[in-house]
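# this is a predicted model, with the sequence first.
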Amino acid sequence: MKNKLYRGWKLLQLTLLSCAFASAPLFISSANSQSHNQVNAGRLTPQQQEALHSLGIKIAVPSYVPDGFRVSDVRITPCPANAQKNADGVCRFGPSYTIIYRNPNNNCFEVNAIGGGLGGPDGKYSRKINSRILGEVDLNIGNSSGDRSQPISESMSKLAQANVWTFPAGKSPFYQVTTIEGRAFREGKSMFCSNKSYMTPNELTKIVQSLDWLP
């Protein structure tokens, strides 16, 4: 099992806060209609963009979002008020954010980021892809039980797979794109997405390669 960056979003996500140091969670949903500028900004509303910028870190959002998907939830965790930060705005265990996209079939994927250091297992199947803003990224299917990852074949990359995800990439904060199937927990609260496999590795690759910094 390699000591690699893993999905810290499972442990460190908070519901969107009303300000950078608030403690009461607040959910901000997206409007039904979206302007052209919102589509170009990861389909985020101005209010969601403002909340994300309050973290003081670069915010990666996809410029390509598959048809039918909209932002259903945005959650942020700022650094504690007295935490020491580096020049990039990162403290020991943060800050972090999660942007959850959902379609009418209740299929979900998320883009997230977290500060600090993380470790975890490899994917069961894996391949390397390139992101303009993050460099080389490991794209994975499933989780390895300790064995070496097997390459994602061309035929596998064209078929819908469960648990398609990338190792968090970057130099802290670390950024990740991952599908969500079934029940997931975010800050002690459940969220439910379809159990059906719907995302191909090729489609997730397009999302990752479209990542850009939120202006």
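Received it, and whenever you're ready, just let me know what you need.
# how about the nearest residue in space to residue 103 that is not next to it in sequence, what does it touch?
Setting aside the residues directly before and after it, residue 103 is nearest to residue 68 in space (CB to CB, 6 or more residues apart in numbering), at 4.0 Å. To be clear about C-beta, it is placed using only N, CA and C from the backbone, and glycine gets the same treatment. Counting by CB atoms under 8 Å, 6 or more residues apart in numbering, residue 68 touches 103, 104, 105.
# cutoff 10 Å now
101, 102, 103, 104, 105, 107 (CB atoms under 10 Å, 6 or more residues apart in numbering).
# list only buried entries from those residues.
When burial is judged by neighbour count using 16 or more other CB atoms under 10 Å, the buried members of the contacts of residue 68 are 101, 102, 103, 107.
# what would these look like in TSV with secondary structure, distance to residue 85 and pLDDT?
Putting the buried ones among the contacts of residue 68 into TSV (DSSP: H, G, I helix; E, B strand; the rest coil; distance: CB to CB, whole Å; pLDDT from 0 to 100) gives the following:
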residue	secondary structure	distance to residue 85	pLDDT
101	strand	29	96
102	strand	32	96
103	coil	36	97
107	coil	36	97
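# including distance to residue 128, could these go into a markdown table?
Shown next, in a markdown table, are these (distance: CB to CB, whole Å):
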| residue | distance to residue 128 |
| --- | --- |
| 101 | 24 |
| 102 | 28 |
| 103 | 28 |
| 107 | 25 |
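# and which of these is nearest residue 163?
Distances from residue 163 to the buried ones among the contacts of residue 68, taken as CB to CB, are shortest for residue 107 (13.0 Å).
# any idea how far the residue nearest to the closest one when sequence neighbours are not counted is from residue 161?
Nearest residue to residue 107 in three dimensions, chain neighbours excluded: residue 198, at 4.5 Å (CB to CB, 6+ apart). Distance, residue 198 to residue 161, using CB to CB, to the nearest Å: 9 Å.
# try residue 96
As judged by CB to CB, residue 96 and residue 161 stand 26 Å apart.
# how many other residues sit next to the residue nearest to residue 96 when sequence neighbours are not counted?
With sequence-adjacent residues excluded and distances taken as CB to CB, 6+ apart, residue 96 is closest to residue 114, at 4.0 Å. Neighbour count of residue 114, defined by other CB atoms under 10 Å: 29.
# who's residue 114 bridged to?
Beta bridges link residue 114 to residue 96, residue 174 when assigned by DSSP bridges.
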